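**Student:** Generate a structure from the sequence data that follows.
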Amino acid sequence: MMKLYYGPGACSFVPHVGLEAIKAATGEDFETQAVKLHKGEQRSPEYLALNPLGLVPLLVVDGKPLSQILAICTYLDGRYPQAGLLPVDPWQRAQAMSTFAWMNNTVHPTFTHIFRSQKFADGEAAQAEIKRTALGMFRGQLERIQEMAGKASPCLLGEKLSFIDAYALVFLRWGGLAGIDPATLPAYKAYVDRLAMMPPVAAAIAREGIQLDTYQKK
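**Tutor:** Got it, this is the predicted structure:
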C-alpha cells in the first residue's frame, strides 16, 4: 500500500490527483495523511524522520520514502503506465516533461518568492520589492499557461488527464492567494473548471477540503 503525505492546497495536490487517476484505472488504492503546513507539522520529529527536508509531497511505498514531486510522479507513471498520466511516445513524453520541469523549477519557485519573501531577504522594504517583482513574473507565467489552456482538448496533453493539468490547477489557486483575479485569465479559468469536474480531480479536491477560487477582492 502506498501512502501520500500531502499539505492541503500545496503542490502535493499533483501526485494526489495522480493516485486518484491510478485508482480509477487500476483499482489500486492508497492511503493519505494530511500535513498541516500552517501548523508546522512538516517540522515534527516524526515527519522529519521520514523526510529530513521537511517538505511535501512524500510518498511512502512499502515503508520506503520518496520525496520531490518530479521523482514521485515519474515513479507513479512508470509503475502504472495504464493510467496514462504521461505520454508513452518518447518525443511527446520529453515535451511533457519539459513543461512539467518548467512548472516545478520556475513557476513554483516564483510563487515561493511571493509567499515566502522573508526567506530571501531581511527587512520589510527588500521583502516587498522581492514580492512585487515575483508577482509580475508569476502573472506572466500564468498567462503562458493560459495560452496552453486555450488549446487544451480538454487537457493540456490532449484527452488524458496528466500531472501537468493538476499542477496548472494549483497555480491558478495560488494566483488567487497572490491577488490575481482568475476572471482576468478566462481561458485558464474555464479549463480549470473543466478539470475540477473530472472524478480524480474532484476526489482530491474533496479530500483536501480546498476551494478553486481563492481570490478575494481588496
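**Student:** And the next helix or strand past the strand or helix carrying residue 172?
**Tutor:** Element membership for residue 172, per DSSP states H and E: helix 163-177. Where DSSP H and E defines the elements, the next helix or strand beyond helix 163-177 is helix 186-196.
**Student:** So for that next one, what gets flagged as buried?
**Tutor:** 187-189, 191-192, 195 (16 or more other Cβ atoms under 10 Å). C-betas here are computed from N, CA, C, even on glycine.
**Student:** Tell me which two of those residues sit farthest apart.
**Tutor:** 187 and 195 (12.8 Å; Cβ to Cβ).
**Student:** okay, now the domains of this structure?
**Tutor:** 2-83, 90-198 (automatic domain parsing).
**Student:** Distance to residue 214 added to these, as JSON lines?
**Tutor:** Shown next, in JSON lines, are those (distance: least, Cβ to Cβ, whole Å):
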{"stretch": "domain 2-83", "distance to residue 214": "8"}
{"stretch": "domain 90-198", "distance to residue 214": "3"}
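**Student:** where do the helices sit along the protein?
**Tutor:** 13-26, 45-50, 69-79, 90-102, 108-115, 124-149, 163-177, 186-196, 199-208 (DSSP state H).
**Student:** Looking at those helices, spot the one closest to residue 61.
**Tutor:** Of the helices of the chain, nearest to residue 61 by Cβ to Cβ is helix 69-79, at 7.8 Å.
**Student:** Name whatever forms a beta bridge with residue 158.
**Tutor:** Taking DSSP bridges as the rule, residue 158 bridges to residue 155.
**Student:** Tell me where this protein is predicted with low confidence.
**Tutor:** Within the chain, the segments meeting pLDDT under 70 span 218.
**Student:** related to what we said a few turns ago, tell me the buried residues in the helix holding residue 172?
**Tutor:** Under 16+ other Cβ under 10 Å, the buried positions of helix 163-177 are 163-176.
**Student:** quick one: residue 113 from residue 145, how far?
**Tutor:** 18 Å (Cβ to Cβ, to the nearest Å).
**Student:** what about the two, which has more around it?
**Tutor:** residue 145 (25 against 19; other Cβ atoms under 10 Å).
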